[in-house]
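> Next one to model:
(one chain, ligands or ions: 1)
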Amino acid sequence: MQMQEYIKNKPLIIQRSEGKYLFDDKNHAIYDGVSSLLNASYGHNIEQIISSMKEQLDILDNNSLFLSTNEQSVLLAKKIIELTNGHFSNVFFTNSGSEATETALKIARKYTFRKKGIGNGKVIALRNSYHGSTMCATLLSGNEHDIQGISFDAGFIQVPFPEPLYYSSDEIEEKVDEHILELREMVIRNPDVSAIITEIVQLSNKASVVPSSFLEKIRSLCNEFEILWIVDEIATGFGRTGSYFAYQSLDVDPDILLLGKAISGGYVPLGAVCVIRPIYDAFIGKVQEGNELAHGFTTSGHPLACNASLACIRFLEENNLVENANEKGHILFESLNKLIQNYDFVLTISGKGLLLSIIFKPGIKVPMMREWGIAHLISKRLIHYGLLLYPDSDDSLIIAPPLTITDEDIHFITDTLSEVFSLFS
Ligand code: PLP
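Residues are numbered from 1 along each chain as shown. This next block holds a predicted model:
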């Protein structure tokens, strides 16, 4: 949306928050149906998380990992490794998801240089992905509008994948094989490829679920050509899709895992890059001989952010929120599917767990529609009815409620959607 449109249409000003609710400047309660862009996965102002952070500020307010380490960052790294069942051996902390992407690109290229003597290795991403908004993350994602006027050859290639929206379940496996064959040929043509990066569910592409068999075949391809598989779980990590990490629902594991958003529940900024042991080992040796990953941010591993993250993970575990996301995700998916049968301007529901999208029929025209797409129009109307969802495009609305969602909340979401959809039929 244009900034001038935003201002003209009176931006939503959030004054305070409590649990699953946001309150605007008129004290109107709005259910945070998108967890503040998948950050506030555990809800807002959770007493036990905030008191833990306050205690931390009294103990150690700040520390730079360039100078020393701190207990909270060590504990958090260990905890994340434990949640991956020890698959990853080391964790690098960043301040955001985009910085995690940048860090992974640097690691992948430097690793390839050290292992194969190939510099500036190319990185392959899936079309319609979103890996962040820093320069390289933008070019890596490759969105046509986003790269306009800033593009240079950074060695990133975007490849299509079989999106479930466009194929029936009968067709998908055949398409997976076709796309993998093309990808394999591309890797053969480009022997300097250092990594393939994928999401598991693409938040910014209508919660499109990348087929499991496609991801499993990417793993085999990476093994065959000794290239790294990076999985971006900045949006899907920490229970969102019904397992701690979305890749854990597959039969294969990545080499690098990117985390952000729910890692610290939106309480403070934090991101992380997890790597497997051989990657870590590749940088060990005499510094004078270039054996180090010279990389970091002044606030990497900030004790307050790491403390917040540990408190969030404790809250997640104590309240069985991963199981809840799985169970309630199915119920919400079924309820939405039932609801949309009554509205012919809705095409389908996509996504997994508690990361879902309502997809409208392309080019649809409804009453009251002016310059905006239907998703923007409906999302604005929903706010009046007390529900915040995210229009990630003109024709799709993301639903990603807090993992604490109850059956009552699901009724509220579907009833509110039904009420608002009826205005447009
Ligand atoms: N990767 C994915 C999959 C994302 O969804 C996002 C943010 O939406 C990012 C990367 C970038 O994270 P951040 O906005 O924290 O820089």
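> For the residue in the stretch 1-150 of the chain that the ligand sits nearest to, give its distance to residue 128.
Among residues of the stretch 1-150 of the chain, the one nearest the ligand by CB to the nearest ligand atom turns out to be residue 97. It sits 2.3 Å away. In short, each C-beta sits where N, CA and C put it, glycine included. Residue 97 sits at a distance of 17 Å from residue 128 (criterion: CB to CB, to the nearest Å).
> Which one's more surrounded, these two?
The neighbour comparison of residue 97 against residue 128 (other CB atoms under 10 Å) goes to residue 97, with 29 against 18.
> Can you list the low-confidence ranges for the stretch 1-150 of the chain?
Applying pLDDT under 70 to the stretch 1-150 of the chain flags residues 1-9.
> What ranges does it have for its helices?
Listed in chain order, the helices of the stretch 1-150 of the chain (DSSP state H, counting those that start in this stretch) span 3-8, 35-38, 47-59, 71-83, 97-116, 135-141, 144-147.
> how far does the second one sit from the chain's center?
It refers to helix 35-38. Centroid separation for helix 35-38 versus its chain: 10 Å, with CA atoms, centre = their mean, to the nearest Å.
> Give the residue farthest from the middle of this protein.
Each residue of the chain has a distance to the centre, and by CA atoms, centre = their mean the biggest one is for residue 288: 37.5 Å.
> tell me which residues in stretch 60-80 are buried?
63, 65, 70, 72-73, 76-77, 79-80 (16 or more other CB atoms under 10 Å).
> what's near enough to touch the residue of the stretch 1-150 of the chain closest to the ligand?
131-132, 232, 234-235, 258-261, 271 (CB atoms under 8 Å, 6 or more residues apart in numbering).
> Now do the phi/psi pair for whatever residue of the stretch 251-400 of the chain ends up closest to the ligand.
Of all residues in the stretch 251-400 of the chain, residue 260 sits closest to the ligand, with a separation of 4.5 Å (CB to the nearest ligand atom). Main-chain torsions, residue 260, degrees, to the nearest 10: phi -170, psi -150.
> thought it was touching residue 96?
Yes. Assessed by CB atoms under 8 Å, residue 260 is found in contact with residue 96 at 6.2 Å.
> element containing the residue nearest the centre of the chain, please.
Centroid-nearest residue in the chain: residue 235, 1.6 Å away (criterion: CA atoms, centre = their mean). Counting by DSSP states H and E, residue 235 is held by no secondary-structure element, helix or strand.
> follow-up on the earlier one: just curious, which of the buried residues of stretch 60-80 is nearest to residue 294?
Nearest to residue 294 among the buried residues of stretch 60-80, counting by CB to CB, is residue 65 at 13.1 Å.
> Pull out the buried positions in stretch 287-305.
293, 297, 299-305.
> number of nearby residues for residue 314?
14.
> Report the secondary structure element holding it.
Going by DSSP H and E, residue 314 is in helix 303-318.
> Residues in contact with the next helix or strand after that helix: which ones?
Next along the chain after helix 303-318, taking DSSP H and E as the criterion, comes helix 321-340. Here helix 321-340 makes contact (CB under 8 Å, 6+ apart) with 41-42, 239-244, 315-316, 346, 348-349, 351-354, 356, 358, 399, 401, 403-407, 410, 413-414, 417-418, 421.
> now helix 321-340, how far from the centre of its chain.
19 Å.
> So which of residue 260 and residue 96 has more stuff around it?
A count of neighbours by other CB under 10 Å puts residue 260 above the other of residue 260 and residue 96, at 28 against 19.
> which among the contacts of helix 321-340 end up buried?
41-42, 239-244, 315-316, 346, 348-349, 351-354, 356, 358, 399, 401, 403-405, 410, 413-414, 417, 421.
> returning to what we had before: let me have the contacts of residue 97 in a markdown table, adding distance to residue 114 as columns.
Formatted as a markdown table, those follow (distance: CB to CB, whole Å):
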| residue | distance to residue 114 |
| --- | --- |
| 131 | 23 |
| 132 | 25 |
| 232 | 23 |
| 234 | 26 |
| 235 | 30 |
| 258 | 21 |
| 259 | 24 |
| 260 | 26 |
| 261 | 31 |
| 271 | 24 |
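> got the contact list for the closest residue to residue 243 other than its chain neighbours?
Closest residue to residue 243 apart from its sequence neighbours, by CB to CB, 6 or more residues apart in numbering: residue 249 at 5.2 Å. Each residue near residue 249 by CB under 8 Å, 6+ apart is listed here: 200, 212, 241-243.
> farthest pair in these?
Between any two of those, the greatest separation by CB to CB is 13.5 Å, found for 212 and 242.
> JSON lines please, covering the helices of the stretch 1-150 of the chain and showing distance to residue 90.
JSON lines is the format used below for the helices of the stretch 1-150 of the chain (distance: least, CB to CB, whole Å):
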{"stretch": "helix 3-8", "distance to residue 90": "41"}
{"stretch": "helix 35-38", "distance to residue 90": "25"}
{"stretch": "helix 47-59", "distance to residue 90": "23"}
{"stretch": "helix 71-83", "distance to residue 90": "7"}
{"stretch": "helix 97-116", "distance to residue 90": "10"}
{"stretch": "helix 135-141", "distance to residue 90": "22"}
{"stretch": "helix 144-147", "distance to residue 90": "31"}
